[in-house]
Structure formats: C-alpha cells, structure tokens
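1. got a predicted structure plus its sequence, pasted below:
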Amino acid sequence: MSDPRDDPNIESRFLQDANEKLAQPGDPTLLPGESMQVSAKNVSIVCPYNGVLPGTLYLSTYKITFSTSEHEPQLTYVAPMGAVNTAEKVGGASSKGEHSYGLDIQFKDFRAFRFAFKHEGHSRRVVFETIQRLAFPMTSGRPLFAFEFGIGAGPSLTDANSSTTFDMKVELARIGVPSEFWKFTTANESYQLCNTYPSVLAVPTTLTDEQLTAVAGYRSRARLPTLSWLHPENQSSMCRCAQPLVGKFGKRSKDDESFMTEIRKTNPHCEKIVMLDARPKLNAIANKAMGGGYEDEENYQNMELVFMDIGNIHVMRDSLKKLRDMCYPTTEDAHWMSSLENTHWFEHMRLVLAASVRIVELMDQELVSVVVHCSDGWDRTSQLCALAMLMMDPYYRTIAGFGVLIEKEWLAFGHKFQQRYGHGDRHAGDEQRSPIFVQFIEAVWQMTIQFPCAFEFNENFLLTILDHLYSCLYGTFLCNSEKERKPLQGKTVSLWSEIAKDVDEYTNPLYSMSSQPKVLYVAASIRRFQFWAGYYMRWNPEMRPHESEHDRTQELYRVCLHLKKQCASMQKQLNEKSAAASASLQVGES
C-alpha cells in the first residue's frame, strides 16, 4: 500500500513552494556554477550528539545543507553531494514515533545524516529523488558537478590554464631523464601500448618499441615495467609494472627476461635487481589459475623475488568498514583498544609502510634497483612507490611536490579513482570499491607524526585532499586513467591550483628542510602509530579538542612569520651598521 504522503500532487506543491523560497536571506552561499534545487522547512536532523534539531534542509547541485532554527547558536551541517554513499527512505505510512519517518544518508567520509519529516504536510519523495539525482549523476548518464563548477569558474581557472598543471616530461627530467641509461619513448603517446599508463614513459635506452610491445603482451593489462624514480646519488632505479601472465603452465617471455636484465644494467653499482611483489605469496599462486602469477627467479638473471604480504582491495575495504563501525555514531571506551585491534587496520598499515621502507633500504643503503608490482599495478604498487619516493626525495615533501607525486604515481599511472571511490555512482556495494588512496594518505600522516619538521604541509592539507577525493568539485580525482581524464582538460578546476591560492592554510610552521635528513627511515611499527582522530573522528564533537589542530597550526605559523620578519629586519640593521662601520674605518685610514 502506498504512503499518502508520497502523493505526486503533494510533491508538486511542495517543490513549487520550495522553489519560491530559494533565495531567502540566510540561504547557503553558492559556488560558481552551483544552483539551489530544493529547500524544505519543518525538517529535523536526528543527530547522535546533539539530539533532534528542527530546521531547514537545502539541496543544491553541489551540497546538502541543514540549518537549525531553534538551537543557539545556530548549527549548520554541510556535506557535498559527491560524498553521499547511500540515501534511503526510513519508515512509511504505518511508522510510529515522532521521528520515524524520514531519510537516512550515509557518506563516504564517515558521516551520516538522518532527517525526519513531519507526519503531515509534506512529501519526502521530492527530497529523496533530488538527492538521488544530484548525488548519483553517473548512474543516469549526467555529468558530475565538477563540470558545472568549471563553467562557473571560467576558463582562466580551469586545469588547462593552471600553473600547477602536471607535466610528466618535466618531472622525469627533474630526476635525470634522459640520460646515458634512460630515455623517453613515444610508444604510448596515443595510449596504444597500454591504455591505463601515461603517454610519456621512461625506459632503458637499449630497448626498442618492438621489445616494449612484446613485454606489454606478457604483463597484466599491458602494464610493462617503466621508470618511476632514480636515486640522485647512486643511480639505482625504481620501476613499476603489473604481474606477469605466467598462468597455470608457467609461460615464459624471453623479452620480459631481457627487459629486466636491461633495467639491472642501468645501475653501475650493483649486479642484482630485486622484484618486490606486494601480494601474499598464496594470492600470487592463486592468480596463476586466472592467467596471472609471479616471476620465476630461475628465469631472470641476478634477480631476487620478495613477497610483501599486503592484502588486496577487498581486505582493505572490510578493514576500514570495521574501523568506521567502531567510530560512528558512538565510541565504546571500554573496548576501544580491542575493537581497534580487531579491525586489523594498523596491521595493514604496518605492512604497507614496512614494504616501503624495504624499498628505501634497498635503494639507498644497498644500492639495488627495484621493480614493484602487485596484481594489476595500480593499487598497492602506487602506495609503495609513492611512499618510498616520499621517504627518499625531499621535493615530494613540499606542498607542490606532493601534488606532483599524486599526479604521477596515482593519476598518471592509472589508479582507478572512479571505480575505487564510486564518483556519482549509486552502487555502494560494488566490489571494486576500496580505500587504497585513503590508506596512503593516512600512511603519509603517520610519517608526519614521526617527522614533524620534515614536511612542508600540515594535517589540513591531507584532510583537504581526502575531502575532495569524494566531493567531485574538482576534476583532479575523476576517471580511472590519464587517457580517460585527458578530454576533461579545460573543463574542470584543479585542486592544486585552488590550494596554491591560499598556501598558508596548508603550511606546516615547523617545516625545516635544511635541518632534516634527506632520507627518512620511518618506523613501521604499530607501537609508533597513532589513531588518526583528526580524520576518522572529526564529526564527533565529543572527540574534538577545545582548540583545533588547524587553529594551533595557523597561530604558530603567524608567530613564525612574525619572527622571520623580525630576524630579517635585525639582519638588515646589522648589515647597515657593519657597512657604515666599514666606511668609517676606510675614511679614517685615508
């Protein structure tokens, strides 16, 4: 039996009334390209921390906003439509209880909104369908809000005209390509070799395009070995690829074996090469039944194969779900530590960081070149390469450099952002979703805790990146590959250009490149890890410090700037006095 409150005539009257009131004073501020769609009064938010609060619900093309009407001070709850994971109706005609009829909205960033409607007077269907339409546009073939924002912001602000636009050739040139041993290849300039790789690749100078094509045919998804980073002092290299297509019958490839030999020869300091397989060995063996597998050390000259035992995307998704369940909506102090242990989140973090540290040890201490892969080379491989590079290259620890690192190792090399985070897609149960990039960002945060003066950026910078991973406001994290993203250039705004406008907000006042070691050896130990309450618990007001980390950082940053100005002024006065004394001495001597 249908609910009379979902009658379409009531919907039409409700929508008409709402649209007439869209531009009232106190309405949410709109971004360029953003438009208000629906406002609903006499709605309450059922908050697990503040109780039931009446107010007005606003739905725009970019965000959900709820403003309280009776609470002092007024509270405002805001969340991007792009961050919605699920939206479901709660209750019906037979529901009893004052707040049993409404909508339940779960977000991808650990938030949840529960809205309750009055039993009489209005329909929730228009609100529900508006959220479905705006939060999941990809399901119905509509564009994400990032494109409307790009149009509203104007051509001067889109990523095609941004000074922060990433250039693979420029970054590879920074690390020393081309050189005696490494060259650029045009074999993938139209993505004909591998459609999930960047168009610009660096490979050993001795290899021909025909050899590259042959090797691509032996690697999963045609993701052949290619250069990620060169050690500036010893020339050991870090390459990345996907698993070999060994299969059940142990298929070999002479071209692939020769390729590894050529990579090994680019390193004048070591005759050995190490293949780091991020997977547990049992998983790699199981992949042989599906046509994949792992390298046989006997077939590769002077190569050592090491398995790093990191779980797959499904393991990480289940682990983060357990972490969410223990954090929201309430926390249980009595079992906090055991609950955290049962998520295995820190154990997974330990394995990821330990594998990254092992890469650093091999390249920086043992002068060994490494090749890194997992199954397809776009999840765990991106984590390990990016974290190891962050530990070894101080440039990537700057605000601009970290953006370059993400652009290169995650975006250009085909981490499947669209699929892993379900941008604009209502299928929340998709098995391909997984928090691989979230885990990477937390690993970076753990590194900043251990080395608080080694990173130019602060926690707010990392939180902003994760917020816009889901928001669909910028074009940075859209699509699954460089090839898919290329047609979007000039149509969306870059997150990095927006960050560059207000860089002080993201600057760590303790940063000091000169006083820090060039290579960071992170302690990959659970005993050294901290729970990232600033991200996972930030929606719980009971867990927020009285003074936020961001406010403390900004105040310290202002103090540092003031002291630097004072130092500069005193140095100037000292120089002037020194110059005057020198001039006076010269006059006296003459």
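-> It's in. Because the structure is predicted, anything quoted here is derived from the model rather than measured. Numbering: from 1, shown residues only.
2. isn't Trp496 right up against Gly403?
-> Yes - Trp496 lies in contact with Gly403 (CB atoms under 8 Å); the separation is 4.4 Å. (Each C-beta comes from the backbone N, C-alpha and C, glycine too.)
3. hey, which helix is longest across the protein?
-> The single longest helix within the chain, with elements called by DSSP state H, is helix 549-589.
4. give the rounded mean pLDDT of that one.
-> Averaged over helix 549-589, pLDDT sits at 73.
5. helices or strands up against that helix?
-> helix 459-471 (3 or more CB pairs under 8 Å, 6 or more residues apart in numbering; DSSP states H and E).
6. starting at the chain centroid, how far to the helix it packs on?
-> With CA atoms, centre = their mean, to the nearest Å as the basis, helix 459-471 stands 7 Å off its chain's centre.
7. how about stretch 494-503?
-> Relative to its parent chain, stretch 494-503 has a centroid offset of 15 Å by CA atoms, centre = their mean.
8. in that stretch, what's buried?
-> Ser494, Leu495, Trp496, Ser497, Glu498, Ile499, Ala500 (16 or more other CB atoms under 10 Å).
9. local confidence estimate at the second one?
-> Among the per-residue scores, Leu495 shows a pLDDT of 95.
10. ok, it touching His468?
-> Yes - shown here, Leu495 and His468 form a contact pair, counting by CB under 8 Å, at 5.2 Å.
11. hang on, the earlier thing: just send the buried residues of stretch 494-503 back as a markdown table, with secondary structure and distance to Leu478 too.
-> Output for the buried residues of stretch 494-503, formatted as a markdown table (DSSP: H, G, I helix; E, B strand; the rest coil; distance: CB to CB, whole Å):
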| residue | secondary structure | distance to Leu478 |
| --- | --- | --- |
| Ser494 | coil | 11 |
| Leu495 | helix | 11 |
| Trp496 | helix | 14 |
| Ser497 | helix | 15 |
| Glu498 | helix | 15 |
| Ile499 | helix | 17 |
| Ala500 | helix | 20 |
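12. distance to Ile441 added to those, as JSON lines?
-> Formatted as JSON lines, these follow (distance: CB to CB, whole Å):
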{"residue": "Ser494", "distance to Ile441": "18"}
{"residue": "Leu495", "distance to Ile441": "13"}
{"residue": "Trp496", "distance to Ile441": "15"}
{"residue": "Ser497", "distance to Ile441": "20"}
{"residue": "Glu498", "distance to Ile441": "18"}
{"residue": "Ile499", "distance to Ile441": "14"}
{"residue": "Ala500", "distance to Ile441": "19"}
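13. any idea which of these is closest to Tyr511?
-> Within those, the smallest distance to Tyr511 is 15.6 Å, found for Ile499 (CB to CB).
14. how near is the nearest residue to the closest one once chain neighbours are set aside to Leu463?
-> Leaving aside its chain neighbours, Ile499 sits nearest to Tyr506 (6.0 Å; criterion: CB to CB, 6 or more residues apart in numbering). Counting by CB to CB, to the nearest Å, the gap from Tyr506 to Leu463 is 10 Å.
15. which stretches in the protein count as strands?
-> Assigned by DSSP state E, the strands in the chain fall at 36-47, 51-60, 63-68, 76-80, 84-90, 102-107, 112-117, 182-185, 201-204, 226-230, 237-240, 273-277, 303-307, 369-373.
16. for the stretch 401-550 of the chain, give me the ranges with low pLDDT.
-> For the stretch 401-550 of the chain, the stretches with pLDDT under 70 are 544-550.
17. one more time with 50, if that's ok
-> The stretch 401-550 of the chain contains no residues with pLDDT under 50.
18. dump the strands of the chain into JSON lines; add mean neighbour count as well.
-> Output for the strands of the chain, formatted as JSON lines (neighbours: other CB atoms under 10 Å):
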{"stretch": "strand 36-47", "mean neighbour count": "20"}
{"stretch": "strand 51-60", "mean neighbour count": "19"}
{"stretch": "strand 63-68", "mean neighbour count": "22"}
{"stretch": "strand 76-80", "mean neighbour count": "17"}
{"stretch": "strand 84-90", "mean neighbour count": "18"}
{"stretch": "strand 102-107", "mean neighbour count": "20"}
{"stretch": "strand 112-117", "mean neighbour count": "21"}
{"stretch": "strand 182-185", "mean neighbour count": "18"}
{"stretch": "strand 201-204", "mean neighbour count": "24"}
{"stretch": "strand 226-230", "mean neighbour count": "25"}
{"stretch": "strand 237-240", "mean neighbour count": "25"}
{"stretch": "strand 273-277", "mean neighbour count": "24"}
{"stretch": "strand 303-307", "mean neighbour count": "16"}
{"stretch": "strand 369-373", "mean neighbour count": "27"}
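19. and Ile526, which of those is closest to it?
-> Among these, the nearest to Ile526 by CB to CB is strand 303-307 (20.5 Å).
20. make CSV out of the strands of the chain and add mean pLDDT and distance to Leu320.
-> Below are those laid out as CSV (pLDDT from 0 to 100; distance: least, CB to CB, whole Å):
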stretch, mean pLDDT, distance to Leu320
strand 36-47, 92, 23
strand 51-60, 94, 28
strand 63-68, 96, 23
strand 76-80, 95, 19
strand 84-90, 95, 12
strand 102-107, 95, 14
strand 112-117, 93, 15
strand 182-185, 98, 38
strand 201-204, 98, 33
strand 226-230, 98, 26
strand 237-240, 98, 24
strand 273-277, 98, 23
strand 303-307, 98, 23
strand 369-373, 98, 23
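21. could you dump the ones you listed to TSV with distance to Leu212?
-> Formatted as TSV, those follow (distance: least, CB to CB, whole Å):
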stretch	distance to Leu212
strand 36-47	50
strand 51-60	48
strand 63-68	46
strand 76-80	41
strand 84-90	41
strand 102-107	43
strand 112-117	49
strand 182-185	7
strand 201-204	7
strand 226-230	9
strand 237-240	13
strand 273-277	18
strand 303-307	19
strand 369-373	15
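22. of all those, which one comes closest to Gly291?
-> Within these, the stretch nearest Gly291 is strand 369-373; the backing value is 15.2 Å (CB to CB).
23. specify the angle between that closest one and strand 226-230 in degrees.
-> Counting by axes from the mean of the first three to the mean of the last three CA atoms, to 10 degrees, strand 369-373 lies at 130 degrees to strand 226-230.
24. ok, the spatially most central residue of the chain to Leu351 distance?
-> In the chain, the centroid-proximal residue (CA atoms, centre = their mean) is Phe437; its distance is 4.6 Å. Distance of Phe437 to Leu351, computed by CB to CB: 17 Å.
25. just Cys241 next, same as before
-> 20 Å.
26. next: Leu390.
-> In this structure, Leu390 and Leu351 are 17 Å apart, going by CB to CB.
27. ditto for Gly217
-> 31 Å.
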